[in-house]
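# Sequence first, then the predicted structure:
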Amino acid sequence: MIEQNGKDWYKPSEIAEQAMIKNSVGKGDYRFIIRLIKNGRLKSETWNTAGDKSYYIVSHDEIKRYNEARFGQ
């Protein structure tokens, strides 16, 4: 988890490991989360663009929004 400007941000691998977003069989799935990001259904930011490898991060608020839209919680 990365904390920036009072928000918590998570890498897709962390989201999958903690099962914050689950696939259709109820498991945390890294590839599923990456597909959601690339299809624009899960908003993310790209970090470390100047470094060796850039990576996606997703805010906790966006994870909550996605789950509420998907499950109506």
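Looks like it came in fine. Since the structure is predicted, the reported quantities are computational estimates derived from the model, not experimental observations.
# going forward, measure contacts between C-alpha atoms and count neighbours the same way
OK.
# in stretch 14-25, what's buried?
Using 16 or more other Cα atoms under 10 Å as the test for burial, stretch 14-25 gives 15, 16, 20, 21, 22.
# just checking, the third one touches residue 63?
Yes - A contact is recorded between residue 20 and residue 63 when judged using Cα atoms under 8 Å, the distance being 7.3 Å.
# one step back: switch the buried residues of stretch 14-25 over to TSV; also include secondary structure and distance to residue 33.
Below are the buried residues of stretch 14-25 laid out as TSV (DSSP: H, G, I helix; E, B strand; the rest coil; distance: Cα to Cα, whole Å):
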residue	secondary structure	distance to residue 33
15	helix	8
16	helix	7
20	coil	10
21	coil	8
22	strand	9
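# which of the residues you listed lies closest to residue 8?
Here the nearest of the buried residues of stretch 14-25 to residue 8, counting by Cα to Cα, is residue 15; it sits at 11.8 Å.
# Just give me the residue closest to the centre of this protein.
Residue closest to the average C-alpha location in the chain (Cα atoms, centre = their mean): residue 58, at 4.1 Å.
# check which helix or strand covers that one.
strand 55-59 (DSSP states H and E).
# so who does the residue nearest to the centre of the chain touch?
The neighbours of residue 58, taking Cα atoms under 8 Å, 6 or more residues apart in numbering as the test, are 9, 10, 11, 12, 42, 43, 44, 45.
# I'm done for today, thanks for sticking with me.
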